[in-house]
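J.: Below are the sequence and a predicted model for it; my questions follow.
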There are 4 protein chains.
Amino acid sequence: MAIILPLFYEELTTKQKTAKSSSTSHKGRLGIWLIGARGGLGTTTMLGALAISRGLTSSTGLLTETPLFAPLLLRPFADFVFGGYDIRNTSTMEAVKETYQESQTNLPPWLETLKKEFARIDREILLGTLRNSGKAIRELETDQSLLKDKRRLAEIVEDIRRDLQSFRKRNKLNRVLVVNLGSTEPPLDLDDTHRNLKKLEAAIRRNAVRKIRPSLLYSYAAALEGCPLLHFTPSNATLIPALQELYCEQGLPFAGKDGKTGETLVKSALAPMFKYRNLRVLSWQGYNILGDRDGRILHNEENLKSKIRTKDSVLSSILGYPLHTHVGIDFVPSIGDRKTAWDFIHFEGFLGQKMRMQFTWEGIDSILAAPLVLDMCRLLDHAAEKGEKGSLPYLACFFKAPIGGGTNDLHTQWHNLERYVKAQKT
Amino acid sequence: MAIILPLFYEELTTKQKTAKSSSTSHKGRLGIWLIGARGGLGTTTMLGALAISRGLTSSTGLLTETPLFAPLLLRPFADFVFGGYDIRNTSTMEAVKETYQESQTNLPPWLETLKKEFARIDREILLGTLRNSGKAIRELETDQSLLKDKRRLAEIVEDIRRDLQSFRKRNKLNRVLVVNLGSTEPPLDLDDTHRNLKKLEAAIRRNAVRKIRPSLLYSYAAALEGCPLLHFTPSNATLIPALQELYCEQGLPFAGKDGKTGETLVKSALAPMFKYRNLRVLSWQGYNILGDRDGRILHNEENLKSKIRTKDSVLSSILGYPLHTHVGIDFVPSIGDRKTAWDFIHFEGFLGQKMRMQFTWEGIDSILAAPLVLDMCRLLDHAAEKGEKGSLPYLACFFKAPIGGGTNDLHTQWHNLERYVKAQKT
Amino acid sequence: MAIILPLFYEELTTKQKTAKSSSTSHKGRLGIWLIGARGGLGTTTMLGALAISRGLTSSTGLLTETPLFAPLLLRPFADFVFGGYDIRNTSTMEAVKETYQESQTNLPPWLETLKKEFARIDREILLGTLRNSGKAIRELETDQSLLKDKRRLAEIVEDIRRDLQSFRKRNKLNRVLVVNLGSTEPPLDLDDTHRNLKKLEAAIRRNAVRKIRPSLLYSYAAALEGCPLLHFTPSNATLIPALQELYCEQGLPFAGKDGKTGETLVKSALAPMFKYRNLRVLSWQGYNILGDRDGRILHNEENLKSKIRTKDSVLSSILGYPLHTHVGIDFVPSIGDRKTAWDFIHFEGFLGQKMRMQFTWEGIDSILAAPLVLDMCRLLDHAAEKGEKGSLPYLACFFKAPIGGGTNDLHTQWHNLERYVKAQKT
Amino acid sequence: MAIILPLFYEELTTKQKTAKSSSTSHKGRLGIWLIGARGGLGTTTMLGALAISRGLTSSTGLLTETPLFAPLLLRPFADFVFGGYDIRNTSTMEAVKETYQESQTNLPPWLETLKKEFARIDREILLGTLRNSGKAIRELETDQSLLKDKRRLAEIVEDIRRDLQSFRKRNKLNRVLVVNLGSTEPPLDLDDTHRNLKKLEAAIRRNAVRKIRPSLLYSYAAALEGCPLLHFTPSNATLIPALQELYCEQGLPFAGKDGKTGETLVKSALAPMFKYRNLRVLSWQGYNILGDRDGRILHNEENLKSKIRTKDSVLSSILGYPLHTHVGIDFVPSIGDRKTAWDFIHFEGFLGQKMRMQFTWEGIDSILAAPLVLDMCRLLDHAAEKGEKGSLPYLACFFKAPIGGGTNDLHTQWHNLERYVKAQKT
């Protein structure tokens, strides 16, 4: 963490100056600081941005590349500069290959052409913190040094701030976004400490480790450093009320939480249909199986709770009445990142007749999530540019549990986004 | 057809006067003239209206019973008076029981309490026409007299008009709606005759049987009699351009075509989701199996064509690009009215990765369709009241192939309906 | 429970004499003493036997009615006399109707013709015992008197014996079978008490309630009374080693355990296919949902354990290697007895390629199980007649966890049964 | 066809002499002459044999590598020498890569190590014949020279014989098997010409092109050359009665037809389960989608007929009664070789209750079929060694429509194979 090798510094800045000159826009460069940079989602996000800016792949999956968004003149991916934290000390290129192996698909033929880029990124990825991250995360193949980390909370915050500063300076960044893609943490029991900024800061000062999670330390430091935040996981510690308050005070926007990419996406697209027909949903059972690192973490009951909370609230909020639901998540190593879900929907129609619908969804998790991360980085950047602060309700369609509330109905969420974008045009 | 037995006349009107006095609104009574009154959908529609107006069943499945529609003060079902045509000369109560048998569910315990009502309805259901209806329909258990019917087209039109008049008069109806629930006819090759009202009328006068279908005769007579039309089937003869013109001239509204009740409903609810995420749908295969009378008709290749046309146009219109699609419909007698569909969706996401989604839908066809018929009868009645004429674009969410075009996206369709309704309130 | 009302006795025996004369075979009458007589499975079993012996329904689902079994001259259902225990004090006819309601299907039109029969059966169903049956079972709608039962274990055994004796005598039965269809009990921790008959008897004498379950008391008394036993549930207390020993000593046959009726049946039919092709199964996930009383009991974690043990052992025993499996069982009240399962099978083929198969099974539990109970009653009766004792390995195809071991491969099990039956013919 | 380039001849034989010395068994080398050598199945078969004999992949999917078959001392794959016909003039290595692309999976890392082997095989693959092969096959990317081929039938037969002779001689082969993996031909109308060998030979002499198909010419020449035949496709011309007679006369074994690899395999594994429980199958609908070359051919109605005939006969033969079935096969280019099927099974159980089961099968066709080809090559070789002739009933478990009849019940078929193998051991 924060060990900047002076050896490479000169070389690095020289190279990056060159890189900068190739920037395709007048806006300058945008730093993307990924928490969990070498996970399946982190690597796919970086790979995608690099591949698109070099014309190696199509823009399928990316919303901000569709004509609707053209008038917003969003930052091109060529201006993105990646860095961040991880808890494994491996090579990013290796991590990319692992991700492909988990999804059981071909490595793209052009992958090797990005070798230098990933080597450069490697120098921007530092070791994060595991303080109070819970048993399941500690048991991943974390770097051993992290387990011995003795720093006080206040020191960790300072280190994170210094890392962000030096990332920004070294790369001559016009803005840095912090993006939480880390493993799902166990839920944090929220109390007054988390609702009041002063109490939170006091808790950090007195090193109240039990009151925090790593993601909270990252987002606290990010706010202090003026970095907008994208919170893509279900962890409840990342954007506690006190931090939301701090972001607003700092005039910074944030977006969260828990990217809506698979089964929940389908749920929120389908459930309104039952409402439009006044069909009463009696039971909606959802069973998810997955085999990647995410699955391994969710195999742990504590961490699983965080996830189920965000997944299970969707239906009754759309339908407007309580109903029998169930969300199961099971770890099936052999399927890797090819997440599969079976949903069974039992509903009642006219004259009390009962009917059923079922679906199976077989999606590659990181492939579905990465373009959402990229889309939102651009939109958060745009929002910061426009001086928007706090939660951005028009991004709700990207999340399982949108902060700031609002409907979970995917279509209404989408129409809100569309309306926002169209309003920007003029 | 049109053989009103004078014997029962006096008795009938007496009874109906009594019935009328129990009308729950000041609007008077609304005639619903069903083409295909004793089919699965016709019987379920009548049964539902009777049961709801007597408080025997809940309003699940009926949209116009939800609070959204309350301010419109739509006609209560107690004011509905049913009549119509069928090609079978059976008892309606028997037909209701058959429908239940086909859906393999319990007869409701209160069914017998409606015995008298159905007996009354029986007297309002006449034999229709089979003129040029195609082989498959003629082979249903039609009344033998129909096969020997020698009337000229012009005579048939006159008879239909007289039937509508006497239905209206006998029941002291304030308005009569004609509702086409008849079996799917083979597609009619449209030419100038069908685009020009004068040519159409000339063709009828010269008895050009090949140029018409029964549903065309019904809707032509209906327009002449001032009856708004609900066209719930895929038949393309029912609302040919010449007739749409006639409806407009007469200042009458119509709605069609092909009720969106099952697999296509799901398609139009799900397809937008792929658009919101810029996921490219590569192939969408849909396989439908059904075993009721509808299935028997669609087992015939000619009639099937009509149906597939309306079902298959939905996807590319929502997604905005051509894609590989397939709609199969097969007859599986053992499943009766419990229509089942399997849809397989192959799509491409970020970095060219391919993924899949599948769903199965198991719905009881008549149960899903009947409340739509009832909802639209009320809304057509409301439109006629307000002096609206021609197609009603805000009803698009109810149809597979909305006349007057517009999007097939269920959610946009729904928001249009919602907007219309809310605008009415003030 | 052993409370024979002297009032009805004379009347009862007179009636049954008459009934006896209508017996269609020379073998005399067979008593079927059902534990859980008024549950979904008990009522369906009785209803089926009555309906078949009166020619009211086809023999679909019954194996012993197929030509293969004809030469065995098995006891006709007209000779079956039903009685047993339940923990609810309701009418059996009402219980039959509830069962139909749970399966959401039509009551058969001939049901009322069996009214008298069910009234007669009602007099043969007594209250059972709840001693140490666990929380979940006690919380069913049990008769309040059972909760206050203070008898010592030895007294209960005596009462059961007396009940069996008087059932046999009153009905002039040639043989009585005891059939355990009771709710799944929580697993009993087995120790020396359960492996040694003397220790077991000592434990009963000293009233060691914690060492027993109701099903153990029933089967112990049954063995003492010379009744062959059919153990159709997963409870592990019913046929503990000490009781198996007692049955052998008494020269009595038994069969068990846990009827193979749905998802596990399919598993044991499909798994051999993978073996025949040397395809390696990597993961086999099975998710079951059900909403009947069985589901309510299994909703309790303790009781669930018993079930999962018998369900989950099947695959690796067929395939011959350990594999990743999961069996989930969830309670979904709205689906009643229409048990639904989704199985996901991930397997590896040639050149290390991975493929997948999925199935859904939608069966009515009691409808699938009842004919197995009837088939096995006949075959147990036949075995007793032939002097066979102990476990009957040729019945393995009917069970999830056949006592006496052997393969779980359905086809090998079936061929064993076929071979046994054919050998009997000569 | 049969154009051996004298240039390479010397070089070739020298190389192959070397190769021979590396044979791992005393039995000498076995020639495998593949019709359709460069199709997905042909290439996977060759790739698999090469990879296994070099220890590059596991034996998953190969039955003859399991301990059961060890005592038969079957020919090791290292002794297999591949050659054959194709209608495309491409490189085999390219064809292997195409096959992988169609199945959308990773190329194995060791593929390049087999480069030389595939180059050697390329010299053994000649252009086949398209005579009367039907429109669909002619429209594949066939070599243009084939479309201009003017040879008479008798000449073609002679050429094929010469090709087989020179393959055998050049490679010093101890035996040559001919394996039909060619595209499914349209069904040939069989008449007396096909039932009587003399008439068939007369038809060939008089060049009655309409009476033959390419696969018939291959198998006729094969029989004359003493080559056992493996007929792996549904084409009905390959093993017409006259040819079966010829094989018997020549003392040669053959096996066919139509490899049972996917949906039909599952059908024949599942259907017996319904029989064991006396559950009556009412309807069994099967929908197959596939996108490879096979799919393109079956997209043609004529060719499709051949396939459906073999697929659809399976069920009623297992169940013993006629039932409603349907087999659909549709071309969905985007899914390539990842064949997907949905089967819907409606069945009746006890008391007339109806229930349903569904499955989806997602298999890679060539991956499932290739090991069957290899297994049967070994077993045909073994049979020829033992002097067995005509059809080999113990191979029925590998075929959709086993020649020589017998049950389609997969389990009985398997037990027959097992019995045969065990009998050989002693």
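T.: Okay, I see it. Remember, it's a predicted structure, so these values are computed and weren't measured experimentally. Numbering: from 1, shown residues only, chains lettered A, B, ... in the order given.
J.: wait, what's in contact with the nearest residue to residue A:262 once chain neighbours are set aside?
T.: Among residues not flanking residue A:262 along the chain, residue A:363 sits closest, at 4.9 Å (CB to CB, 6 or more residues apart in numbering or on different chains). The way it works is simple: take the backbone N, C-alpha and C, and place the C-beta from them, glycine included. By CB atoms under 8 Å, 6 or more residues apart in numbering or on different chains, the contact list for residue A:363 reads A:261, A:262, A:338, A:339, B:349, B:355, B:357.
J.: One more pass at 7 Å, please.
T.: Contact partners of residue A:363, counting by CB atoms under 7 Å, 6 or more residues apart in numbering or on different chains, are A:262, A:339, B:355.
J.: same question, residue A:393
T.: Taking CB under 7 Å, 6+ apart as the contact definition, residue A:393 lies against A:404, A:406, A:416.
J.: Adding neighbour count, write these out as CSV.
T.: Conversion of the contacts of residue A:393 to CSV gives the following (neighbours: other CB atoms under 10 Å in any protein chain shown):
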residue, neighbour count
A:404, 15
A:406, 17
A:416, 18
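J.: ok, and of the residues you listed, which contact chain C?
T.: Restricting the contacts of residue A:393 to those within reach of chain C (CB under 7 Å from any CB of the partner chain) leaves nothing.
J.: Out of those residues, flag the one nearest to residue A:344.
T.: Residue A:344 has its nearest neighbour among the contacts of residue A:393 in residue A:406, at 27.6 Å by CB to CB.
J.: can I assume the closest one is in contact with residue A:395?
T.: No - Residue A:406 lies out of contact with residue A:395 (CB atoms under 7 Å); the separation is 10.2 Å.
J.: In terms of helices and strands, where is residue A:326?
T.: strand A:324-331 (DSSP states H and E).
J.: who does that strand pair up with?
T.: Using DSSP bridges, the neighbouring strands of strand A:324-331 in the sheet come out as strand A:280-290 (parallel).
J.: what's next to the strand it pairs with, contact-wise?
T.: Strand A:280-290 is contacted by residues A:263, A:274, A:315, A:319, A:323-332, A:335, A:339-348, A:365, B:60, C:285, C:287, C:289, C:330, C:332, C:334-335, C:342, C:344 when judged by CB under 7 Å, 6+ apart.
J.: List only buried entries from these.
T.: A:263, A:274, A:315, A:319, A:323-332, A:335, A:339-348, A:365, B:60, C:285, C:287, C:289, C:330, C:332, C:334-335, C:342, C:344 (16 or more other CB atoms under 10 Å in any protein chain shown).
J.: Can you read off the backbone torsions of the residue nearest to residue A:262?
T.: Here the main-chain torsion angles of residue A:363 (degrees, to the nearest 10) amount to phi -120, psi 150.
J.: ok, so what distance separates it from residue D:336?
T.: When distance is defined by CB to CB, to the nearest Å, residue A:363 is 19 Å away from residue D:336.
J.: Likewise for residue A:415?
T.: Distance from residue A:415 to residue D:336, by CB to CB: 37 Å.
J.: Report pLDDT for the residue in the stretch 101-250 of chain A positioned nearest to chain B.
T.: Of all residues in the stretch 101-250 of chain A, the one sitting closest to chain B is residue A:105 (6.1 Å; CB to the nearest CB). Listed pLDDT for residue A:105 reads 81.
J.: Could you report the neighbour count for it?
T.: By the measure other CB atoms under 10 Å in any protein chain shown, the count of residues near residue A:105 is 21.
J.: Could you do residue A:249 as well?
T.: Counted by other CB under 10 Å, the residues lying close to residue A:249 total 12.
J.: ditto for residue A:141
T.: Around residue A:141 sit 10 other residues, with neighbours defined as other CB under 10 Å.
J.: Could you do residue A:147 as well?
T.: The local packing count at residue A:147 equals 10, with neighbours defined by other CB under 10 Å.
J.: got the residues of chain A near chain C?
T.: Applying CB under 7 Å from any CB, we find that chain A lies next to chain C at A:104, A:282-283, A:285, A:287, A:289, A:324, A:326, A:328, A:330, A:332-335, A:340, A:342, A:344, A:346, A:354, A:358, A:360.
J.: before we move on, back to that, of residue A:415 and residue D:336, which one has the most company?
T.: Counting neighbours by other CB under 10 Å for residue A:415 and for residue D:336 shows that residue D:336 has the greater number, 24 against 16.
J.: Check what pLDDT the more buried one gets.
T.: At residue D:336, pLDDT is 92.
J.: Next one: residue A:345 from chain B, what distance?
T.: According to CB to the nearest CB, to the nearest Å, residue A:345 stands 10 Å off from chain B.
J.: Show me what that residue is bridged to.
T.: Beta-bridge pairing for residue A:345 (DSSP bridges): residue A:284, residue A:357.
J.: mind listing what it touches?
T.: Under the criterion of CB under 7 Å, 6+ apart, the neighbours of residue A:345 are A:281, A:284, A:356, A:357, A:358.
J.: Secondary structure class of the closest residue to the first one other than its chain neighbours, three-state.
T.: This points to residue A:281. What sits nearest to residue A:281 in space, not counting adjacent residues and going by CB to CB, 6+ apart, is residue A:347, at 4.9 Å. In terms of secondary structure, residue A:347 is strand; the call rests on DSSP: H, G, I helix; E, B strand; the rest coil.
J.: pretty sure residue A:347 is touching residue A:279, no?
T.: Yes - A contact is recorded between residue A:347 and residue A:279 when judged using CB under 7 Å, the distance being 4.9 Å.
J.: Any of the contacts of residue A:345 buried? List them.
T.: The neighbour-count test (16+ other CB under 10 Å) applied to those identifies A:281, A:284, A:356, A:357, A:358 as buried.
J.: ok, of these, which one's closest to residue C:293?
T.: So of the buried ones among the contacts of residue A:345, ranked by how close each gets to residue C:293 (CB to CB), first place is residue A:356, at 21.3 Å.
J.: ok now do the closest one, which residues does it touch?
T.: Applying CB under 7 Å, 6+ apart as the definition, the contact partners of residue A:356 turn out to be A:344, A:345, A:346, B:362.
J.: Return the distance of it relative to residue C:337.
T.: Residue A:356 sits at a distance of 15 Å from residue C:337 (criterion: CB to CB).
J.: all strands for the stretch 51-200 of chain A, in order.
T.: In order along the chain, the stretch 51-200 of chain A carries the following strands (DSSP state E, counting those that start in this stretch): A:80-86, A:125-127, A:173-180.
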